[in-house]
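*Asks:* can't give you the sequence, but here's the structure:
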Ligand SMILES: Cc1cc2nc3c(=O)[nH]c(=O)nc-3n(C[C@H](O)[C@H](O)[C@H](O)COP(=O)(O)OP(=O)(O)OC[C@H]3O[C@@H](n4cnc5c(N)ncnc54)[C@H](O)[C@@H]3O)c2cc1C
(Lines give C-alpha, C1' and ligand atoms only; values in the text may rest on other atoms or scores of the structure.)
Protein backbone atom coordinates (compact mmCIF):
# COMPACT_ATOMS: atom_id res chain seq x y z
CA UNK A 1 0.00 0.00 0.00
CA UNK A 2 1.33 3.41 -0.95
CA UNK A 3 0.82 6.56 1.10
CA UNK A 4 0.39 10.06 -0.31
CA UNK A 5 0.08 13.57 1.09
CA UNK A 6 -2.87 14.27 -1.19
CA UNK A 7 -5.29 12.10 -3.15
CA UNK A 8 -7.62 13.49 -5.82
CA UNK A 9 -10.57 11.22 -6.60
CA UNK A 10 -11.67 11.85 -10.18
CA UNK A 11 -9.31 13.34 -12.77
CA UNK A 12 -11.96 15.33 -14.61
CA UNK A 13 -12.35 19.09 -14.79
CA UNK A 14 -12.05 19.93 -11.10
CA UNK A 15 -9.54 17.20 -10.17
CA UNK A 16 -7.15 18.18 -12.96
CA UNK A 17 -7.72 21.94 -12.49
CA UNK A 18 -6.72 21.57 -8.84
CA UNK A 19 -3.70 19.37 -9.59
CA UNK A 20 -2.53 21.86 -12.23
CA UNK A 21 -3.02 24.85 -9.92
CA UNK A 22 -0.99 23.11 -7.18
CA UNK A 23 1.71 22.06 -9.65
CA UNK A 24 2.27 25.45 -11.29
CA UNK A 25 2.48 27.12 -7.87
CA UNK A 26 5.10 24.60 -6.76
CA UNK A 27 2.93 23.08 -4.04
CA UNK A 28 3.84 19.57 -5.20
CA UNK A 29 7.64 19.92 -5.18
CA UNK A 30 7.87 18.34 -1.73
CA UNK A 31 4.46 16.64 -1.46
CA UNK A 32 3.09 13.54 -3.14
CA UNK A 33 -0.21 13.39 -5.00
CA UNK A 34 -2.21 10.43 -6.34
CA UNK A 35 -4.91 11.08 -8.95
CA UNK A 36 -7.53 8.34 -9.20
CA UNK A 37 -9.34 8.30 -12.53
CA UNK A 38 -10.99 5.20 -14.06
CA UNK A 39 -11.26 6.41 -17.65
CA UNK A 40 -9.11 4.47 -20.13
CA UNK A 41 -8.16 7.45 -22.27
CA UNK A 42 -8.59 11.20 -22.28
CA UNK A 43 -10.25 12.65 -25.33
CA UNK A 44 -12.47 15.60 -26.12
CA UNK A 45 -15.78 14.94 -24.36
CA UNK A 46 -17.07 18.36 -23.28
CA UNK A 47 -17.08 21.96 -24.41
CA UNK A 48 -16.81 24.28 -21.41
CA UNK A 49 -18.14 27.74 -22.16
CA UNK A 50 -18.56 30.83 -20.01
CA UNK A 51 -18.21 34.61 -19.98
CA UNK A 52 -14.64 35.38 -19.06
CA UNK A 53 -15.16 37.47 -15.94
CA UNK A 54 -11.85 36.46 -14.35
CA UNK A 55 -8.48 35.16 -15.52
CA UNK A 56 -7.89 31.38 -15.66
CA UNK A 57 -5.04 29.01 -16.47
CA UNK A 58 -6.41 27.69 -19.77
CA UNK A 59 -6.36 30.57 -22.23
CA UNK A 60 -4.37 28.36 -24.63
CA UNK A 61 -7.20 25.78 -24.65
CA UNK A 62 -9.81 28.37 -25.69
CA UNK A 63 -11.24 27.48 -29.10
CA UNK A 64 -12.81 30.85 -29.64
CA UNK A 65 -13.87 34.12 -28.03
CA UNK A 66 -17.15 35.78 -29.02
CA UNK A 67 -18.18 39.35 -28.28
CA UNK A 68 -21.86 39.03 -29.16
CA UNK A 69 -24.63 36.60 -28.26
CA UNK A 70 -28.29 36.32 -29.19
CA UNK A 71 -31.47 35.36 -27.33
CA UNK A 72 -34.62 34.35 -29.20
CA UNK A 73 -38.21 33.78 -28.20
CA UNK A 74 -41.01 33.11 -30.72
CA UNK A 75 -42.10 36.76 -30.77
CA UNK A 76 -38.76 38.55 -30.52
CA UNK A 77 -34.99 38.29 -30.63
CA UNK A 78 -32.01 40.40 -29.69
CA UNK A 79 -28.25 40.49 -30.07
CA UNK A 80 -26.27 41.54 -27.02
CA UNK A 81 -22.67 42.78 -26.98
CA UNK A 82 -20.26 41.49 -24.37
CA UNK A 83 -16.94 43.15 -25.30
CA UNK A 84 -15.77 43.42 -21.68
CA UNK A 85 -16.55 39.81 -20.83
CA UNK A 86 -16.08 37.72 -23.99
CA UNK A 87 -17.84 34.37 -24.16
CA UNK A 88 -15.18 31.65 -24.33
CA UNK A 89 -15.27 27.96 -25.19
CA UNK A 90 -12.66 25.54 -23.94
CA UNK A 91 -11.93 22.33 -25.80
CA UNK A 92 -11.71 19.64 -23.11
CA UNK A 93 -9.34 17.60 -25.32
CA UNK A 94 -6.76 20.41 -25.27
CA UNK A 95 -7.36 20.97 -21.54
CA UNK A 96 -6.71 17.31 -20.62
CA UNK A 97 -3.62 17.13 -22.84
CA UNK A 98 -2.06 20.31 -21.46
CA UNK A 99 -2.58 19.27 -17.84
CA UNK A 100 -1.55 15.61 -18.16
CA UNK A 101 1.64 16.58 -20.06
CA UNK A 102 2.59 18.98 -17.29
CA UNK A 103 1.71 16.67 -14.38
CA UNK A 104 3.63 13.73 -15.88
CA UNK A 105 6.86 15.72 -15.53
CA UNK A 106 6.58 15.79 -11.74
CA UNK A 107 7.89 12.58 -10.11
CA UNK A 108 5.70 13.23 -7.05
CA UNK A 109 2.46 12.81 -9.01
CA UNK A 110 1.04 9.31 -9.59
CA UNK A 111 -1.95 8.14 -11.62
CA UNK A 112 -4.23 5.26 -10.57
CA UNK A 113 -7.34 3.72 -12.07
CA UNK A 114 -8.85 2.89 -8.66
CA UNK A 115 -8.11 3.17 -4.93
CA UNK A 116 -7.17 -0.50 -4.37
CA UNK A 117 -3.46 0.08 -3.72
CA UNK A 118 -3.77 3.38 -1.94
CA UNK A 119 -3.47 3.89 1.78
CA UNK A 120 -5.58 6.95 2.44
CA UNK A 121 -5.39 6.92 6.25
CA UNK A 122 -2.91 9.82 6.47
CA UNK A 123 -3.76 11.53 3.19
CA UNK A 124 -5.87 14.58 2.53
CA UNK A 125 -8.53 13.73 -0.04
CA UNK A 126 -10.11 15.97 -2.67
CA UNK A 127 -13.18 14.20 -3.98
CA UNK A 128 -14.91 15.08 -7.25
CA UNK A 129 -17.32 12.14 -7.47
CA UNK A 130 -20.74 13.48 -6.49
CA UNK A 131 -22.94 11.71 -3.99
CA UNK A 132 -26.40 12.27 -5.43
CA UNK A 133 -29.58 11.51 -3.54
CA UNK A 134 -32.37 11.39 -6.13
CA UNK A 135 -35.51 13.25 -5.28
CA UNK A 136 -38.53 13.38 -7.58
CA UNK A 137 -38.54 17.18 -7.54
CA UNK A 138 -34.90 17.65 -8.49
CA UNK A 139 -34.30 19.56 -11.69
CA UNK A 140 -31.56 18.70 -14.19
CA UNK A 141 -30.15 20.56 -17.13
CA UNK A 142 -29.73 17.84 -19.74
CA UNK A 143 -28.48 18.28 -23.25
CA UNK A 144 -27.04 16.76 -26.38
CA UNK A 145 -24.89 18.61 -28.89
CA UNK A 146 -23.30 17.92 -32.25
CA UNK A 147 -20.54 19.75 -34.04
CA UNK A 148 -21.67 20.09 -37.62
CA UNK A 149 -19.66 21.04 -40.67
CA UNK A 150 -21.31 22.50 -43.75
CA UNK A 151 -19.91 22.44 -47.27
CA UNK A 152 -20.53 26.13 -47.90
CA UNK A 153 -20.14 29.03 -45.51
CA UNK A 154 -23.33 29.34 -43.52
CA UNK A 155 -22.85 30.70 -39.98
CA UNK A 156 -22.17 34.17 -38.69
CA UNK A 157 -19.08 33.16 -36.75
CA UNK A 158 -19.13 36.32 -34.61
CA UNK A 159 -22.41 35.71 -32.77
CA UNK A 160 -23.34 32.74 -30.61
CA UNK A 161 -26.94 31.81 -29.97
CA UNK A 162 -27.18 31.51 -26.19
CA UNK A 163 -30.83 30.52 -26.09
CA UNK A 164 -33.33 29.96 -28.87
CA UNK A 165 -36.69 29.20 -27.23
CA UNK A 166 -38.56 28.99 -30.51
CA UNK A 167 -39.13 25.24 -30.15
CA UNK A 168 -41.48 22.75 -28.49
CA UNK A 169 -41.36 23.25 -24.70
CA UNK A 170 -43.46 20.19 -23.70
CA UNK A 171 -44.38 21.96 -20.47
CA UNK A 172 -40.72 22.16 -19.44
CA UNK A 173 -37.98 24.59 -20.38
CA UNK A 174 -36.31 23.87 -23.70
CA UNK A 175 -33.94 25.83 -25.88
CA UNK A 176 -31.32 25.39 -28.57
CA UNK A 177 -27.82 26.77 -28.13
CA UNK A 178 -25.26 27.09 -30.84
CA UNK A 179 -21.65 28.11 -31.01
CA UNK A 180 -20.29 28.81 -34.51
CA UNK A 181 -16.52 28.33 -34.42
CA UNK A 182 -16.04 29.19 -38.12
CA UNK A 183 -18.33 30.13 -41.00
CA UNK A 184 -18.92 26.44 -41.69
CA UNK A 185 -18.62 24.76 -38.28
CA UNK A 186 -20.85 25.03 -35.23
CA UNK A 187 -21.74 23.14 -32.08
CA UNK A 188 -25.54 22.86 -31.96
CA UNK A 189 -27.14 21.73 -28.70
CA UNK A 190 -30.65 20.89 -27.57
CA UNK A 191 -31.01 21.73 -23.86
CA UNK A 192 -33.78 20.92 -21.40
CA UNK A 193 -34.36 21.97 -17.82
CA UNK A 194 -36.67 19.35 -16.36
CA UNK A 195 -37.09 16.61 -13.82
CA UNK A 196 -35.35 13.38 -14.66
CA UNK A 197 -38.43 11.24 -15.18
CA UNK A 198 -39.59 12.04 -18.71
CA UNK A 199 -37.84 10.00 -21.38
CA UNK A 200 -39.92 11.60 -24.10
CA UNK A 201 -37.66 14.66 -23.83
CA UNK A 202 -34.60 12.59 -24.63
CA UNK A 203 -35.03 11.89 -28.35
CA UNK A 204 -32.19 14.36 -28.78
CA UNK A 205 -31.13 13.13 -32.25
CA UNK A 206 -34.54 13.90 -33.69
CA UNK A 207 -34.70 17.30 -31.97
CA UNK A 208 -31.30 18.29 -33.37
CA UNK A 209 -32.12 17.04 -36.84
CA UNK A 210 -35.43 18.92 -36.94
CA UNK A 211 -33.81 22.10 -35.66
CA UNK A 212 -31.01 21.98 -38.22
CA UNK A 213 -33.31 21.11 -41.11
CA UNK A 214 -36.33 23.26 -40.29
CA UNK A 215 -35.11 26.16 -38.18
CA UNK A 216 -31.62 26.68 -39.56
CA UNK A 217 -32.85 25.42 -42.96
CA UNK A 218 -29.68 23.49 -43.49
CA UNK A 219 -29.64 20.24 -45.46
CA UNK A 220 -26.04 19.47 -46.38
CA UNK A 221 -23.87 18.98 -43.36
CA UNK A 222 -21.86 16.30 -41.61
CA UNK A 223 -21.48 15.60 -37.89
CA UNK A 224 -17.87 15.62 -36.62
CA UNK A 225 -18.37 15.26 -32.88
CA UNK A 226 -21.11 14.89 -30.29
CA UNK A 227 -21.43 15.39 -26.54
CA UNK A 228 -24.16 14.57 -24.06
CA UNK A 229 -24.52 15.53 -20.46
CA UNK A 230 -26.69 16.32 -17.52
CA UNK A 231 -25.93 18.80 -14.78
CA UNK A 232 -27.73 18.53 -11.43
CA UNK A 233 -29.51 21.78 -10.58
CA UNK A 234 -29.36 20.94 -6.89
CA UNK A 235 -26.44 20.51 -4.54
CA UNK A 236 -25.04 17.00 -4.07
CA UNK A 237 -24.38 15.98 -0.46
CA UNK A 238 -21.41 18.07 0.63
CA UNK A 239 -20.38 17.31 4.17
CA UNK A 240 -16.98 18.60 5.23
CA UNK A 241 -15.10 15.70 6.79
CA UNK A 242 -11.81 16.09 8.63
CA UNK A 243 -9.61 14.88 5.81
CA UNK A 244 -11.92 15.28 2.78
CA UNK A 245 -12.99 18.27 0.72
CA UNK A 246 -15.44 17.84 -2.15
CA UNK A 247 -14.56 19.72 -5.30
CA UNK A 248 -16.24 20.54 -8.62
CA UNK A 249 -19.86 19.51 -9.08
CA UNK A 250 -19.55 17.33 -5.97
CA UNK A 251 -18.39 20.41 -4.07
CA UNK A 252 -21.37 22.59 -5.06
CA UNK A 253 -19.56 24.57 -7.77
CA UNK A 254 -22.52 24.63 -10.18
CA UNK A 255 -24.56 27.80 -10.44
CA UNK A 256 -28.02 26.28 -10.11
CA UNK A 257 -29.87 28.78 -12.28
CA UNK A 258 -27.57 28.27 -15.26
CA UNK A 259 -25.44 25.13 -14.89
CA UNK A 260 -22.25 27.20 -15.31
CA UNK A 261 -19.51 25.51 -13.29
CA UNK A 262 -16.15 25.85 -15.04
CA UNK A 263 -15.00 29.23 -13.70
CA UNK A 264 -16.26 28.42 -10.20
CA UNK A 265 -14.06 25.32 -10.29
CA UNK A 266 -11.10 27.55 -11.16
CA UNK A 267 -11.90 29.88 -8.23
CA UNK A 268 -12.22 26.89 -5.90
CA UNK A 269 -8.86 25.47 -7.07
CA UNK A 270 -7.19 28.82 -6.43
CA UNK A 271 -8.71 29.06 -2.94
CA UNK A 272 -7.49 25.57 -2.06
CA UNK A 273 -4.00 26.26 -3.44
CA UNK A 274 -3.74 29.52 -1.46
CA UNK A 275 -4.69 27.69 1.74
CA UNK A 276 -3.09 24.30 1.13
CA UNK A 277 -0.73 24.63 4.12
CA UNK A 278 -3.77 24.91 6.41
CA UNK A 279 -5.99 22.49 4.49
CA UNK A 280 -7.24 20.46 7.46
CA UNK A 281 -8.86 23.54 9.02
CA UNK A 282 -10.10 25.13 5.83
CA UNK A 283 -13.68 26.37 5.54
CA UNK A 284 -15.64 24.99 2.56
CA UNK A 285 -15.48 27.25 -0.51
CA UNK A 286 -19.04 28.08 -1.54
CA UNK A 287 -20.91 30.05 -4.15
CA UNK A 288 -22.12 33.23 -2.38
CA UNK A 289 -25.17 32.81 -0.15
CA UNK A 290 -27.18 35.47 -2.02
CA UNK A 291 -26.79 33.56 -5.29
CA UNK A 292 -27.82 30.31 -3.58
CA UNK A 293 -31.00 31.94 -2.23
CA UNK A 294 -31.89 33.72 -5.50
CA UNK A 295 -31.20 30.62 -7.60
CA UNK A 296 -33.39 28.50 -5.34
CA UNK A 297 -36.24 30.96 -5.82
CA UNK A 298 -35.60 31.16 -9.56
CA UNK A 299 -35.80 27.36 -9.84
CA UNK A 300 -39.04 27.36 -7.84
CA UNK A 301 -40.53 29.75 -10.38
CA UNK A 302 -39.15 27.58 -13.18
CA UNK A 303 -40.65 24.42 -11.65
CA UNK A 304 -44.07 26.02 -11.14
CA UNK A 305 -44.32 28.22 -14.22
CA UNK A 306 -42.14 26.63 -16.94
CA UNK A 307 -44.24 28.26 -19.68
CA UNK A 308 -43.23 31.72 -18.39
CA UNK A 309 -39.50 31.06 -18.52
CA UNK A 310 -38.66 32.02 -22.12
CA UNK A 311 -40.12 35.50 -21.50
CA UNK A 312 -38.38 35.73 -18.11
CA UNK A 313 -34.98 34.83 -19.57
CA UNK A 314 -35.57 37.30 -22.41
CA UNK A 315 -36.45 40.07 -19.96
CA UNK A 316 -33.44 39.27 -17.80
CA UNK A 317 -31.18 40.10 -20.74
CA UNK A 318 -33.01 43.29 -21.61
CA UNK A 319 -30.90 45.62 -19.47
CA UNK A 320 -27.18 46.10 -19.11
CA UNK A 321 -25.26 43.10 -20.45
CA UNK A 322 -22.46 43.96 -18.04
CA UNK A 323 -24.78 43.56 -15.01
CA UNK A 324 -26.46 40.34 -16.08
CA UNK A 325 -23.16 38.67 -17.00
CA UNK A 326 -21.66 39.63 -13.65
CA UNK A 327 -24.80 38.39 -11.89
CA UNK A 328 -24.81 35.03 -13.68
CA UNK A 329 -21.09 34.65 -13.03
CA UNK A 330 -21.50 35.41 -9.31
CA UNK A 331 -19.42 38.59 -9.47
CA UNK A 332 -22.15 41.23 -9.11
CA UNK A 333 -22.53 43.85 -6.40
CA UNK A 334 -25.82 44.63 -4.69
CA UNK A 335 -26.75 47.45 -7.10
CA UNK A 336 -26.15 45.20 -10.09
CA UNK A 337 -28.27 42.47 -8.40
CA UNK A 338 -31.09 44.95 -7.92
CA UNK A 339 -31.18 45.89 -11.61
CA UNK A 340 -31.81 42.21 -12.39
CA UNK A 341 -34.25 41.50 -9.55
CA UNK A 342 -36.40 44.53 -10.42
CA UNK A 343 -36.85 43.22 -13.96
CA UNK A 344 -38.46 39.99 -12.79
CA UNK A 345 -42.27 39.65 -12.77
CA UNK A 346 -42.96 40.35 -9.10
CA UNK A 347 -46.20 38.44 -8.57
CA UNK A 348 -45.03 34.98 -9.63
CA UNK A 349 -41.77 35.34 -7.72
CA UNK A 350 -43.70 36.31 -4.59
CA UNK A 351 -46.14 33.42 -5.12
CA UNK A 352 -43.22 31.03 -5.62
CA UNK A 353 -41.83 31.90 -2.18
CA UNK A 354 -44.79 30.04 -0.62
CA UNK A 355 -44.78 27.11 -3.03
CA UNK A 356 -42.88 23.85 -2.63
C1 LIG B 1 -21.22 17.59 -21.54
C2 LIG B 1 -21.08 18.69 -20.49
C3 LIG B 1 -20.89 20.02 -20.89
C4 LIG B 1 -20.76 21.03 -19.95
N5 LIG B 1 -20.60 22.32 -20.37
C6 LIG B 1 -20.38 23.29 -19.46
C7 LIG B 1 -20.14 24.62 -19.90
O8 LIG B 1 -20.25 24.92 -21.09
N9 LIG B 1 -19.85 25.56 -18.97
C10 LIG B 1 -19.77 25.27 -17.63
O11 LIG B 1 -19.46 26.16 -16.84
N12 LIG B 1 -20.05 24.02 -17.20
C13 LIG B 1 -20.35 23.03 -18.07
N14 LIG B 1 -20.60 21.75 -17.63
C15 LIG B 1 -20.68 21.53 -16.17
C16 LIG B 1 -19.31 21.26 -15.51
O17 LIG B 1 -18.40 22.29 -15.83
C18 LIG B 1 -18.71 19.94 -15.93
O19 LIG B 1 -19.58 18.90 -15.58
C20 LIG B 1 -17.35 19.67 -15.29
O21 LIG B 1 -16.78 18.60 -15.99
C22 LIG B 1 -17.48 19.35 -13.81
O23 LIG B 1 -16.23 18.98 -13.32
P24 LIG B 1 -16.09 17.86 -12.21
O25 LIG B 1 -14.65 17.68 -11.95
O26 LIG B 1 -16.98 18.16 -11.08
O27 LIG B 1 -16.69 16.55 -12.89
P28 LIG B 1 -16.04 15.70 -14.07
O29 LIG B 1 -15.34 16.58 -15.02
O30 LIG B 1 -17.14 14.83 -14.59
O31 LIG B 1 -14.95 14.82 -13.34
C32 LIG B 1 -15.28 13.74 -12.47
C33 LIG B 1 -14.31 12.61 -12.81
O34 LIG B 1 -14.50 11.55 -11.88
C35 LIG B 1 -14.30 10.34 -12.56
N36 LIG B 1 -14.93 9.27 -11.78
C37 LIG B 1 -16.22 8.81 -11.86
N38 LIG B 1 -16.41 7.82 -10.96
C39 LIG B 1 -15.25 7.68 -10.26
C40 LIG B 1 -14.83 6.85 -9.19
N41 LIG B 1 -15.67 5.97 -8.62
N42 LIG B 1 -13.57 6.98 -8.73
C43 LIG B 1 -12.71 7.89 -9.27
N44 LIG B 1 -13.07 8.70 -10.30
C45 LIG B 1 -14.31 8.60 -10.78
C46 LIG B 1 -14.91 10.57 -13.93
O47 LIG B 1 -14.41 9.68 -14.90
C48 LIG B 1 -14.51 12.02 -14.19
O49 LIG B 1 -13.31 12.11 -14.93
C50 LIG B 1 -20.80 20.72 -18.55
C51 LIG B 1 -21.04 19.40 -18.17
C52 LIG B 1 -21.19 18.41 -19.12
C53 LIG B 1 -21.48 17.01 -18.63
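*Replies:* Perfect, I can see it now. This structure is a prediction, so every number in the text was calculated from the model and none was measured. Numbering: from 1, shown residues only.

*Asks:* residue 65 and residue 181, how far apart?
*Replies:* In this structure, residue 65 and residue 181 are separated by 11 Å, where distance is defined by Cβ to Cβ, to the nearest Å. Every residue, glycine included, has its C-beta placed from N, CA and C.

*Asks:* who are the neighbours in contact with the residue nearest to residue 185 when sequence neighbours are not counted?
*Replies:* Beyond its immediate neighbours in the sequence, the residue positioned closest to residue 185 (Cβ to Cβ, 6 or more residues apart in numbering) is residue 149, lying 5.1 Å away. Residues in contact with residue 149 (Cβ atoms under 8 Å, 6 or more residues apart in numbering) are 184, 185, 221, 222, 223, 224.

*Asks:* top of those by number of neighbours, please.
*Replies:* For those, neighbours were counted by other Cβ atoms under 10 Å; the highest total belongs to residue 221, with 20 neighbours.

*Asks:* give me the low-pLDDT residue ranges for the protein?
*Replies:* Counting by pLDDT under 70, the chain has low-confidence residues at 356.

*Asks:* in it, where's the longest helix?
*Replies:* For the chain, the longest helix by residue count, based on DSSP state H, is helix 289-304.

*Asks:* wait, is residue 315 part of a helix?
*Replies:* Yes: using DSSP: H, G, I helix; E, B strand; the rest coil, the assignment for residue 315 is a helix.

*Asks:* quick one, what contacts it?
*Replies:* Residues touching residue 315, when contacts are defined by Cβ under 8 Å, 6+ apart, comprise 343, 344, 345.

*Asks:* again, but for residue 251
*Replies:* 14, 128, 238, 245, 268, 284, 285.

*Asks:* among those, which are in helices?
*Replies:* Helix and strand membership here follows DSSP H; of the contacts of residue 251, those in helices are 14, 268.

*Asks:* pick the one among the contacts of residue 251 closest to the ligand.
*Replies:* Comparing these against the ligand with Cβ to the nearest ligand atom places residue 14 closest, at 3.2 Å.

*Asks:* who has more neighbours, residue 65 and residue 181?
*Replies:* Set side by side, residue 65 and residue 181 give different neighbour counts by other Cβ under 10 Å, the larger being at residue 181 (19 against 12).

*Asks:* for that one, helix, strand, or coil?
*Replies:* Secondary structure, three-state DSSP: residue 181 is strand.

*Asks:* ok, it touching residue 66?
*Replies:* No: counting by Cβ atoms under 8 Å, residue 181 does not reach residue 66; the two are 9.6 Å apart.

*Asks:* need the contact list for the closest residue to the ligand within the stretch 1-150 of the chain.
*Replies:* Going by Cβ to the nearest ligand atom, the ligand is nearest to residue 12 of the stretch 1-150 of the chain, at 1.9 Å. By Cβ under 8 Å, 6+ apart, residue 12 lies in contact with 37, 128, 248.

*Asks:* which residues touch the longest helix of the chain?
*Replies:* Under the contact criterion Cβ under 8 Å, 6+ apart, helix 289-304 has outside partners 137, 139, 173, 193, 233, 255-257, 286, 308-309, 312, 330, 337, 341, 348-349, 351-353, 355-356.

*Asks:* from these, list just the buried residues.
*Replies:* When those are checked for burial by 16 or more other Cβ atoms under 10 Å, the buried set is 139, 173, 193, 233, 255-257, 309, 312, 330, 337, 349, 352.

*Asks:* tell me where this protein has helices.
*Replies:* Taking DSSP H, the helices of the chain run over residues 13-24, 92-103, 204-210, 262-274, 289-304, 309-316, 321-328, 334-341, 346-354.

*Asks:* and the second one, which residues are buried?
*Replies:* Put plainly, it is helix 92-103. Counting neighbours by 16+ other Cβ under 10 Å, one finds that the buried residues in helix 92-103 are 92, 93, 95, 96, 98, 99, 100, 103.
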